[in-house]
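*Asks:* let's see this in three dimensions:
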Amino acid sequence: MPDTPVSEMSFEQAMKELEQVVGRLERGDVALDESITLYERGAELKKRCEAKLKEAEEKVAAITLDSDGQPTGTQPVSGD
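*Replies:* Numbers count the residues shown, from 1 in each chain. Take a look at the predicted model:
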């Protein structure tokens, strides 16, 4: 697995590595200690992907449309 800090990964990078982690865990051909390490890395990657998706969702929600459905700008998004 790459040693790139999860906090520096793009959504695509994190998702790709997460898929690799899941694949290795599903095959079941890794030792218990390595499985735990992989699981921890996978949890970090999942959290990163969720954060990047939420960020994108907020950007999309902030887009304002005119009466014809065309983007006119953005508006602040209030927190939940």
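*Asks:* residue at max distance from the center of the chain?
*Replies:* Most distant from the centre of the chain: Ser67, at 33.2 Å, with distances by C-alpha atoms, centre = their mean.
*Asks:* quick check: that one vs Cys49, distance?
*Replies:* 36 Å (C-beta to C-beta, to the nearest Å). (Glycine included, C-beta is placed from N, CA and C.)
*Asks:* burial measure for Lys46, as a count.
*Replies:* As a burial measure, Lys46 scores 16 neighbours (other C-beta atoms under 10 Å).
*Asks:* equivalent analysis for the one 10 residues further on, please.
*Replies:* Residue crowding around Ala56 was assessed by other C-beta under 10 Å; the count is 11.
*Asks:* which helices and strands does the one helix or strand it maps to pack with?
*Replies:* Ala56 is part of helix 32-61, with elements assigned from DSSP states H and E. Here helix 32-61 touches helix 11-27, going by 3 or more C-beta pairs under 8 Å, 6 or more residues apart in numbering; DSSP states H and E.
*Asks:* quick one: the helix it packs on to helix 32-61, angle?
*Replies:* Using axes from the mean of the first three to the mean of the last three C-alpha atoms, to 10 degrees, the direction of helix 11-27 lies 150 degrees away from that of helix 32-61.
*Asks:* need the contact partners of the strand or helix carrying Thr72.
*Replies:* Assessed by DSSP H and E, Thr72 sits inside strand 71-74. Here strand 71-74 makes contact (C-beta atoms under 8 Å, 6 or more residues apart in numbering) with 59, 62-66.
*Asks:* sheet-wise, list the partners of that strand with their directions.
*Replies:* Strand 71-74 has its sheet partners listed here by DSSP bridges as strand 63-65 (antiparallel).
*Asks:* how far out from the middle of the chain is the partner strand?
*Replies:* 24 Å (C-alpha atoms, centre = their mean, to the nearest Å).
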